[in-house]
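Visitor: Structure of the sequence below:
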Amino acid sequence: MTDAKKRFDKNIDSILVLSSIYDYLKQQVTAFDLSEVLRAEYVLIVSSLDFYIHEIVRNGLLKKFDEQNNVIGLDKVAIPLNIVKVLLNTDEVERKIILNETIKKILSKDSYQAPQAIEQALGIINIKKIWTELSKNTIESAADVRDKLSLIINERNKIAHESHINFLTGEKEGIDKQTVTDCLNYIKWFVDKVDYLVEKN
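Guide: Predicted structure coming up:
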């Protein structure tokens, strides 16, 4: 298990606290609409995936740097030339610190949630044909795996960017506990599979 996966698991544990709060309030305050709690949980689950992918890519690039002990091989990330110059003229400890902060800053400009973005991000650390790899030993096709994630991300975007409002009716879209549970289970499965590929790579 990678360090990124351990951090992902901690994030999920904190989200499950929110789930427990929802369950408690559902029993105690039956007349109150708690759907916003479910929406918050849904968005946080997807954010945990985004964080995991950022960490996997950053750690993968740092590992490559450690193995080669130079900046060669980091050509898939646009490190500014002034930073490269600094990296080539500092000691090992300082190089790692500078490179870590530089990569983190570069990656922070991108969101790794949508299938295409995740595929591109994992390609940076040489994990190829991700959807085919994830579909192995399952009854789903590569397209099924990709499309299921895409549906989850689309739903997250409706919540985060459109307040989950149906623009035809002007009312909020419905959401229930099972929808959130299905999202959680899929994202956990997805990260488990990716983490296995990262460890094997």
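Visitor: For residue 21, what is the enclosing helix or strand?
Guide: Using DSSP states H and E, residue 21 falls within helix 3-28.
Visitor: pLDDT of the following helix or strand past that helix, averaged?
Guide: Downstream of helix 3-28, the next assigned helix or strand under DSSP H and E is helix 35-68. On average, the pLDDT along helix 35-68 is 89.
Visitor: same question for the helix or strand just after helix 35-68, mean pLDDT?
Guide: Next helix or strand after helix 35-68 toward the C-terminus (DSSP H and E): helix 81-87. The average of the pLDDT scores along helix 81-87 is 76.
Visitor: Can you tell me what sits against stretch 114-128?
Guide: Contacts to stretch 114-128, defined as CB atoms under 8 Å, 6 or more residues apart in numbering, come from residues 53-54, 56-57, 60-61, 64, 76-77, 110-112, 130-131, 133, 146, 149-150, 153, 194, 197-198, 201. In this view, the C-beta of every residue, glycine as well, is placed from N, C-alpha and C.
Visitor: rewinding a little: what's the angle between the helix holding residue 21 and helix 35-68?
Guide: Counting by axes from the mean of the first three to the mean of the last three CA atoms, to 10 degrees, helix 3-28 lies at 170 degrees to helix 35-68.
Visitor: Tell me which other helices or strands helix 3-28 touches.
Guide: Using 3 or more CB pairs under 8 Å, 6 or more residues apart in numbering; DSSP states H and E, the elements in contact with helix 3-28 are helix 35-68, helix 177-200.
Visitor: For residue 165, give me phi and psi.
Guide: Phi and psi for residue 165, reported as degrees, to the nearest 10, are phi -90, psi 130.
Visitor: Tell me which helix or strand comes right after the lowest-mean-pLDDT helix or strand in the chain.
Guide: Every helix and strand in the chain was compared by mean pLDDT, DSSP states H and E; the lowest is helix 81-87, with a mean of 76. Following helix 81-87 in sequence order, the next helix or strand is helix 92-107 (DSSP H and E).
Visitor: that older thread, pick the most buried one from the helices and strands packed on helix 3-28.
Guide: helix 35-68 (a mean of 19; mean count of other CB atoms under 10 Å).
Visitor: What helices and strands are in contact with that helix?
Guide: Looks like helix 35-68 contacts helix 3-28, helix 92-107, helix 115-124, helix 142-162, helix 177-200 (3+ CB pairs under 8 Å, 6+ apart).
Visitor: got the angle for that helix vs helix 115-124?
Guide: 20 degrees.
Visitor: tilt between helix 35-68 and helix 92-107?
Guide: Using the same axes, to 10 degrees: helix 35-68 against helix 92-107 is 140 degrees.
Visitor: So for the helix holding residue 21, mean pLDDT?
Guide: On average, helix 3-28 scores 93.
Visitor: and it with helix 177-200, angle?
Guide: Between helix 3-28 and helix 177-200, the angle comes out at 170 degrees (the same axes, to 10 degrees).
Visitor: can you pull the buried residues of helix 3-28?
Guide: 4-5, 8-9, 11-12, 15, 18-19, 22 (16 or more other CB atoms under 10 Å).
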